[in-house]
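K.L.:
Sequence and computational prediction follow.
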Amino acid sequence: MQRLDSFVFDSYALIGYLENESFSDRIQHVLTQAKNRTALLYIHAIHIGEVYYITLREQGKSLADLAYARIKALPISTIDRIDEELLLTAAGLNAKYPISYADSFAAALAMIKDCPLLTGDPEFTSLEKQGIIRIEWLS
């Protein structure tokens, strides 16, 4: 049986996709794969909240609500719980590496799901260099 491609999204990937950044075609490709059931995509709810608050702050409530609705319609599995494994993995990463607490959840989820993180956020560079996570860089 062929192993499906799997990816973890962070807020950088989602915001870039919603704002039609240069890498939007790459995101669209993996979304199409997920829709066709040839890829598994994950995001933690903390990153959906991050997209919402950034959009709310920069563009107002109506666009934040629209962004939220668009994200929820995407073929991405939302992890909306923080179990002990995710909690301790994220906290351990945050204690050892110069990443935000929210980003530590994206990295921890990528570790737990054993798949690359889709991001363009340079904050993850140290984790990749140490071999902690694999990253598929968006640019």
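P.N.:
Received it, and whenever you're ready, just let me know what you need.
K.L.:
Only C-alpha atoms from now on, for both contacts and neighbour counts.
P.N.:
OK.
K.L.:
And the pLDDT for the nearest residue to Arg134 once chain neighbours are set aside?
P.N.:
Closest residue in space to Arg134, ignoring its immediate chain neighbours: Pro116 at 4.6 Å, by Cα to Cα, 6 or more residues apart in numbering. As predicted, Pro116 sits at a pLDDT of 98.
K.L.:
how far away is Pro116 from Leu86?
P.N.:
From Pro116 over to Leu86 the distance is 16 Å, taken as Cα to Cα, to the nearest Å.
K.L.:
Tell me where the chain has strands.
P.N.:
Remark: strands assigned in the chain by DSSP state E are 5-9, 39-44, 77-79, 117-119, 135-137.
K.L.:
Buried residues, the last one. List them.
P.N.:
What that stands for is strand 135-137. Buried positions in strand 135-137, judged by neighbour count with 16 or more other Cα atoms under 10 Å: Ile135, Trp137.
K.L.:
Need the residues that contact it.
P.N.:
Pro116, Leu117, Leu118, Thr119, Gly120, Glu128 (Cα atoms under 8 Å, 6 or more residues apart in numbering).
K.L.:
swap the cut-off to 10 Å and go again
P.N.:
7-8, 13, 23, 107, 110, 115-122, 124-125, 127-128 (Cα atoms under 10 Å, 6 or more residues apart in numbering).
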